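J.: predicted model and sequence follow; I will ask about them next.
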Amino acid sequence: MVQRKEYLELLKPWREKQLIKVISGVRRCGKSTLLAQYMDYLRATRVDDEQIISVNLEDVDYEHLHDYKALYDYFKTRLCEDRYTYVFIDEVQQCRGFEKAVDSLFIKKNVDVYITGSNAHMLSGELATLLSGRYIEISILPLSFAEHIAVATQRIDASLTAPPTPKEEFSNYLRYGSFPYVNELERNDHIIRTYLDGVYNTILIKDVAQREGITDISVLESVVKFLCSSIGSPVSTKKISDTINSGGRKISTNTVETYLRALVDSFIFYKIDRYDIKGRQHLKTLGKYYIVDTGLRNLLLSGASADLGHQLENIVYLELLRRGNKISIGKLAEKEVDFVTTNADGICYYQVSATVLDENTLARELAPLRKISDNHPKFLLTLDDIMPNVNHDGIRQINVLDWLLGKNKNSS
């Protein structure tokens, strides 16, 4: 079991607080594992097993609980009278009207409620209205590169004389992606692709098509592949519609918009809007989309596009999310900054490039950052092997593997 220590530490402070704990993320990213590890933590603090009630609504054994009243009654009859009861509901969106059951359990004395879901829809509409201000959300992602390295190191065969280098493992991280179970599989293209294909089809059918009532799966897949091939590039609904229509299929811009929203709701893609750095305002047109896992992208594009720079950009985006940042694309006249981040420590600017060893490439990547007149930190992340503390007139150049492994704590 992959230890999700950082997410576990995020969850611990909310124990027994009068808030519903919502853990969201794409299927197979480790939500159930996190709950299991949290339950182990509770037991280690002398919580008895009878105080912990857990169901996974994707398990056929609990199919009879897909009605909110049945779900509520199941937990109600098992609550401890004189001690805290910890309620865990995995994949809660499988239950019709689940928000009613969750709310009823929440208002009971000494009940601590934790739910997980694979669709952002669960936090919209009636749930948000009913539980406004009464829940906190912890969004989790597949493994970070640091977690991947830790797992890979643990799996080293005793006959090996040395652990794999970060550079060697990063190649696997790019190629196969970061779903936790991938690390348990043999490094075999066929085996891993078969597993990822199963994950992808489950997400597409259960979390997107069925939820939105989409019957033409082939057109939906065309939208997915368009987004995969456009990682790191501005995207518009009209461009997607025109491209698919030119191939002989028919789809309107309104339908594209519906599909895009459903794909984002299922956490398979993340949308990032542009931010006018000079005007200090967000722009609603020509955003970018990043996929939750590069292994899925490689599966869907069948290796047709190596595109190292954009894959690297995708990985940096996900890591910035893990570190609790709000992220935008920086627009500055005709130039663009890959990422503008905001967190409790302030604003940072990032450019990402596979290599800047060529002087012209270096000049091109630095140009947008040099145009920014404020004094917020500016970073250039590359795969180049460089000396520490390389500085271009106040712009720090950092090796991206060092950055991903947390060797530059003041650059996140």
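T.: Looks like it came in fine. Numbers count the residues shown, from 1 in each chain.
J.: hey, let's count contacts and neighbours off CA atoms from now on
T.: OK.
J.: ok so residue 365 is a strand residue?
T.: No - if the criterion is DSSP: H, G, I helix; E, B strand; the rest coil, then residue 365 is helix and not within a strand.
J.: now it. Nearest residue, chain neighbours left out?
T.: Of all residues not flanking residue 365 in the chain, residue 351 sits nearest, at 6.7 Å (Cα to Cα, 6 or more residues apart in numbering).
J.: tell me what that neighbour is bridged to.
T.: Legend: beta-bridge partners of residue 351 under DSSP bridges are residue 380.
J.: what number of residues lie near it?
T.: A count of nearby residues for residue 351, using other Cα atoms under 10 Å, gives 23.
J.: next one: residue 319
T.: Neighbour tally, residue 319, other Cα under 10 Å: 19.
J.: next SSE after the lowest-mean-pLDDT helix or strand in the chain?
T.: In the chain, no helix or strand scores lower on mean pLDDT, DSSP states H and E than helix 126-130, which sits at a mean of 68. For helix 126-130, the following helix or strand on the C-terminal side (DSSP states H and E) is strand 135-139.
J.: strands paired with that following strand, and their directions?
T.: Paired strands of strand 135-139, with direction, are strand 20-24 (parallel) (DSSP bridges).
J.: quick one: the helices in the stretch 301-412 of the chain, in order.
T.: 308-322, 359-370, 400-404 (DSSP state H, counting those that start in this stretch).
J.: swap that for the stretch 51-200 of the chain, sorry
T.: Listed in chain order, the helices found in the stretch 51-200 of the chain under DSSP H, counting those that start in this stretch are 68-76, 98-106, 126-130, 145-154, 166-176, 189-202.
J.: and among these, the most buried is which?
T.: Stretch with highest mean neighbour count among those: helix 98-106 (a mean of 19; mean count of other Cα atoms under 10 Å).
J.: separation between the residue nearest the centre of the chain and residue 15?
T.: What sits nearest the mean C-alpha location of the chain, by Cα atoms, centre = their mean, is residue 141, with 3.7 Å. According to Cα to Cα, to the nearest Å, residue 141 stands 21 Å off from residue 15.
J.: again with residue 40
T.: Taking Cα to Cα, one finds residue 40 at 14 Å from residue 15.
J.: which one of the two is surrounded by more residues?
T.: Higher neighbour count among residue 40 and residue 15: residue 15, with 16 against 12, using other Cα under 10 Å.
J.: in contact with that one, which residues?
T.: Neighbour list for residue 15: residue 112 [criterion: Cα atoms under 8 Å, 6 or more residues apart in numbering].
J.: give me the neighbour count for residue 178.
T.: 24.
J.: contacting residues around the residue nearest to residue 365?
T.: When contacts are counted by Cα under 8 Å, 6+ apart, residue 351 is found next to 337, 338, 339, 365, 366, 369, 379, 380, 381.
J.: OK, contacts around the fourth one?
T.: By Cα under 8 Å, 6+ apart, the contact list for residue 365 reads 351, 352, 353, 356, 380.
J.: check the gap between it and residue 392 for me.
T.: 11 Å.
J.: cool, the third one as well?
T.: Residue 339 is 18 Å from residue 392, where distance means Cα to Cα.
J.: so those two - more neighbours on which side?
T.: A count of neighbours by other Cα under 10 Å puts residue 339 above the other of residue 339 and residue 392, at 25 against 13.
J.: for that one, name its beta-bridge partners.
T.: Note on residue 339: beta-bridge partners residue 350, judged by DSSP bridges.
J.: just checking, it touches residue 325?
T.: No - under the criterion of Cα atoms under 8 Å, residue 339 makes no contact with residue 325, lying 10.4 Å away.
J.: roughly how far apart are the nearest residue to residue 342 once chain neighbours are set aside and residue 381?
T.: Nearest in space to residue 342, with sequence neighbours left out and distances taken as Cα to Cα, 6+ apart, is residue 326 at 5.1 Å. Using Cα to Cα, we find residue 326 at a distance of 18 Å from residue 381.
J.: out of these two, which sits in the busier spot?
T.: Using other Cα under 10 Å as the criterion, residue 326 and residue 381 rank with residue 381 on top: 24 against 14.
J.: hmm, the more buried one is touching residue 362, no?
T.: No - Residue 381 is not in contact with residue 362 according to Cα under 8 Å; the separation is 11.3 Å.
J.: what do these two both touch?
T.: Here residue 381 and residue 362 have no joint contacts, going by Cα under 8 Å, 6+ apart.
J.: got JSON lines for the helices of the stretch 51-200 of the chain, with distance to residue 262 too?
T.: Output for the helices of the stretch 51-200 of the chain, formatted as JSON lines (distance: least, Cα to Cα, whole Å):
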{"stretch": "helix 68-76", "distance to residue 262": "24"}
{"stretch": "helix 98-106", "distance to residue 262": "20"}
{"stretch": "helix 126-130", "distance to residue 262": "17"}
{"stretch": "helix 145-154", "distance to residue 262": "27"}
{"stretch": "helix 166-176", "distance to residue 262": "25"}
{"stretch": "helix 189-202", "distance to residue 262": "14"}
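J.: where among those helices is average confidence lowest?
T.: Out of the helices of the stretch 51-200 of the chain, helix 126-130 stands lowest, with a mean of 68 (criterion: mean pLDDT).
J.: in stretch 7-17, what's buried?
T.: 7, 11, 15, 16 (16 or more other Cα atoms under 10 Å).
J.: please apply the same query to stretch 316-324.
T.: So for stretch 316-324, counting by 16+ other Cα under 10 Å, buried means 316, 317, 318, 319, 320, 321, 322.
J.: returning to what we had before: quick one, what contacts the residue nearest to residue 342?
T.: Residue 326 touches 341, 342, 343, counting by Cα under 8 Å, 6+ apart.
J.: beta-bridge partners for the nearest residue to residue 390 once chain neighbours are set aside, please?
T.: Using Cα to Cα, 6+ apart and skipping the chain neighbours, the partner closest in space to residue 390 is residue 397 (5.3 Å). Beta-bridge pairing of residue 397 under DSSP bridges involves residue 380, residue 390.
J.: count of neighbours near the closest residue in space to residue 276 that isn't next to it in sequence?
T.: In space, and not counting its chain neighbours, residue 276 is closest to residue 331: 4.8 Å by Cα to Cα, 6+ apart. The local packing of residue 331 (other Cα under 10 Å) involves 23 other residues.
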